[in-house]
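Peer 1: Below: sequence and its predicted model.
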Amino acid sequence: MENGAAKPVIVAIDGPSGTGKSSTSKAVAAQLGLSYLDTGAQYRAITWWMVNNGIDTADPSAIAAAAAKPEILSGTDPTEPTITVDGVDVSGPIREQDVTSKVSAVSAVPEVRARITELQRAIAASAVTGIVVEGRDIGTTVLPDADLKIFLTASPEARAARRSGELKGADLHTTREALIKRDAADSSRKTSPLAKADDAVEVDTTDLTLQQVVECVVTLVEEKRAGK
Ligand SMILES: Nc1ncnc2c1ncn2[C@@H]1O[C@H](COP(=O)(O)OP(=O)(O)OP(=O)(O)O)[C@@H](O)[C@H]1O
Ligand SMILES: Nc1ccn([C@@H]2O[C@H](COP(=O)(O)O)[C@@H](O)[C@H]2O)c(=O)n1
């Protein structure tokens, strides 16, 4: 860049549910002074709006017709990420079971994906030092030219154990089945399914601590920046 400032670095982190995308992305972004975008929160926010406005989430044409209506704003400070819909803070309600069970159906609708993808690209383009963007299709569709693409994985057992710890001891079997069901829906949709980009680095987090995963990703970003 002309003034000698470093070029913004764009990091895409994708993977199935519970592999550690949010925890890793926030920590990496905070450590490296980058912005952070949780794209799952945006799909959850539009799902919350559909439910609250009486849209039938089993009816793709009703979802498509309403997709442009809600105003979704994401705050990208990794130490305090925010999400609002029409000015309302929805960071709590979007994590509730009702939204979780409906988000895959809403996010499969092409008009929803087009709208949210446009928002995501605009946010990434305006990140001054760079950004870590996490989701399901960031490396494949949203930011195919990202400087670094990571695809996190973990066994269903490890992911269920992590989630049930988070949900204060929710039943392991039920949690595992719910994760597998959501991943299957996200991987099999026609538009921009959950997938590893050909040029993504796969990191299996099953036997790694969160700290180890963060260190691994930070090292990969630093190597990229150094042109290695
Ligand atoms: N390597 C790890 N070892 C142990 N626990 C972890 C690890 N990575 C993340 N966790 C924990 O697992 C849970 C899920 O992590 P996180 O929310 O980051 O996953 P995610 O991939 O973003 O999930 P989702 O896609 O469903 O939002 C959190 O409680 C987090 O603290
Ligand atoms: N890039 C993305 C990100 C998320 N989704 C959909 O949102 C759901 C919730 O994501 P979480 O990360 O908050 O669990 C997810 O199950 C997908 O349906 C998406 O489609 N694309």
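Peer 2: On my side now, so go ahead. Ligands and ions are numbered 1, 2, ... in the order given.
Peer 1: Kindly provide the distance from the most centrally placed residue in the chain to ligand 2.
Peer 2: Using CA atoms, centre = their mean, the residue of the chain that lies closest to the mean C-alpha position is Gly135, 2.6 Å off. Look at Gly135 and ligand 2: by CB to the nearest ligand atom, to the nearest Å, they are 2 Å apart. All C-beta spots, glycine's among them, are computed from the backbone N, C-alpha and C.
Peer 1: which residues sit in contact with that residue?
Peer 2: Neighbouring residues of Gly135 by CB atoms under 8 Å, 6 or more residues apart in numbering: 13-14, 21, 38-40, 120, 142.
Peer 1: Please tell me how far it sits from Glu111.
Peer 2: Using CB to CB, to the nearest Å, one obtains 18 Å as the distance from Gly135 to Glu111.
Peer 1: Go through stretch 25-45 and flag the buried ones.
Peer 2: For stretch 25-45, the neighbour count (16 or more other CB atoms under 10 Å) marks 25-29, 32, 34-45 as buried.
Peer 1: cool, stretch 195-206 as well?
Peer 2: Here stretch 195-206 shows 195-197, 200, 203, 205 as buried, counting by 16+ other CB under 10 Å.
Peer 1: mean confidence score for stretch 136-146?
Peer 2: For stretch 136-146, the mean per-residue pLDDT is 98.
Peer 1: Where does pLDDT dip in the protein?
Peer 2: Along the chain, segments meeting pLDDT under 70 span 1-5, 167-169.
Peer 1: where exactly do the helices run in it?
Peer 2: Applying DSSP state H to the chain gives helices spanning 21-32, 39-52, 60-66, 97-107, 110-125, 156-166, 172-188, 210-225.
Peer 1: Tell me which of those sits most buried.
Peer 2: Neighbour counts (mean count of other CB atoms under 10 Å) averaged over each of these peak at helix 39-52, with a mean of 23.
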